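Student: what follows is a protein structure lacking sequence information:
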Ligand code: NAD
């Protein structure tokens, strides 16, 4: 097998485990770089055959152009979301592959973890008991049973989260412009969902249509005391409006695995730094906001699936096979392209 050399950006210790287990069987040599892919680091890929990138890497026109100039024609995203890629710049030059599904359970279960922790104040109780403060004042939650969960986006993750909510005896409403036909899911308008839900969980992709889908206007309409969970993409929520809604006491809480400006901070240990992002700093101070660092995907099962699919995607590229997990400018813009007839997007 032709052994190709691949630049692996934003490498963390947990990435190595599954990638190292599988790389030989797919015939790859991986060059791990701790730094993110960006305008300064793109040169590290010089002389290599492909790139593996992640959610907060920069995959804009200058980076794509630099890779192309260096003879690199494939970027394998080791993630599902691809809102950070300039597909127009990539079209005709660099094939972009992603991992469409690796474990919807991992993400949906993390959404449930955020909801349960936030509602029952587990994060605060944990800190108290570690300090031998056994008071339970201020830790009152509410029964999830019989409450209404509003699910925005009923794709792979949203559907698993619906099952979890039903397990708790919750009523479920959903909004999705592409509803699942003949399902037992009760679809309503976005407006109705926002007004009727005790819990709103975001499971749609970030697109121009969904940018700030939770806006100041939407936050005014939510039920008093409602909880919002976001494990999808930070820019689905207007963070400043979220702070106002929490400060006013109208919104009951927010569980956030993603944040609008996360790319400069998430995945890094900044505990000894002065945080320059005042919005994030304010969110962190709020007792009813629980933030995790884009870790909803982080289970062993998901990491293995991500490694296997990413390497498989690259193998198919180098072997000249069809690329079922390719996304191009047309796929991105219109929802589908004619790849099936032509086997590759271009
Ligand atoms: P999916 O493609 O299976 O489902 C997305 C759903 O959103 C689809 O049903 C689609 O019709 C719907 N949708 C599209 N536009 C919408 C709109 N305007 N309003 C409401 N719904 C809309 O995707 P998935 O695998 O379920 O993943 C959902 C999102 O989760 C991804 O886009 C990604 O951003 C995020 N994600 C986060 C993590 C994490 O670690 N936090 C991991 C994986 C995925």
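Tutor: Done, it's in. Since the model is a prediction, treat every value here as computed from it, not as a measurement.

Student: contacts only, for residue 51.
Tutor: Residues counted as contacts of residue 51 (Cβ atoms under 8 Å, 6 or more residues apart in numbering) are 6, 7, 9, 37, 45, 67, 72, 74, 75, 76. Glycine gets a C-beta too; all of them are placed from N, C-alpha and C.

Student: and which of those residues is nearest to the ligand?
Tutor: residue 76 (15.9 Å; Cβ to the nearest ligand atom).

Student: most neighbours of all the contacts of residue 51, which one?
Tutor: For the contacts of residue 51, counting by other Cβ atoms under 10 Å, the largest number of neighbours falls to residue 75: 28 neighbours.

Student: specify the beta-bridge partners of it.
Tutor: residue 51, residue 96 (DSSP bridges).

Student: so it makes contact with residue 54?
Tutor: No: the pair formed by residue 75 and residue 54 falls short of the contact definition of Cβ atoms under 8 Å, at 10.9 Å.

Student: now the stretch 101-250 of the chain against the ligand: closest residue?
Tutor: residue 155 (1.6 Å).

Student: the strands in the stretch 201-346 of the chain, which residues?
Tutor: Applying DSSP state E, counting those that start in this stretch to the stretch 201-346 of the chain gives strands spanning 227-230, 253-256, 289-291, 326-327.

Student: let's have those strands in a markdown table, adding mean neighbour count and mean pLDDT.
Tutor: What follows is the strands of the stretch 201-346 of the chain, written out as a markdown table (neighbours: other Cβ atoms under 10 Å; pLDDT from 0 to 100):
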| stretch | mean neighbour count | mean pLDDT |
| --- | --- | --- |
| strand 227-230 | 27 | 98 |
| strand 253-256 | 26 | 98 |
| strand 289-291 | 21 | 98 |
| strand 326-327 | 21 | 93 |
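
Student: out of these, which is closest to residue 23?
Tutor: For the strands of the stretch 201-346 of the chain, distance to residue 23 was read as Cβ to Cβ. The smallest value, 21.1 Å, belongs to strand 326-327.

Student: give the pairing partners of that closest one; include direction for each.
Tutor: With DSSP bridges as the criterion, the sheet partners recorded for strand 326-327 are strand 95-97 (antiparallel).

Student: tell me the pLDDT of residue 330.
Tutor: The predicted local confidence for residue 330 comes out at a pLDDT of 81.

Student: and for it, the neighbour number?
Tutor: Neighbour number of residue 330 under other Cβ under 10 Å is 16.
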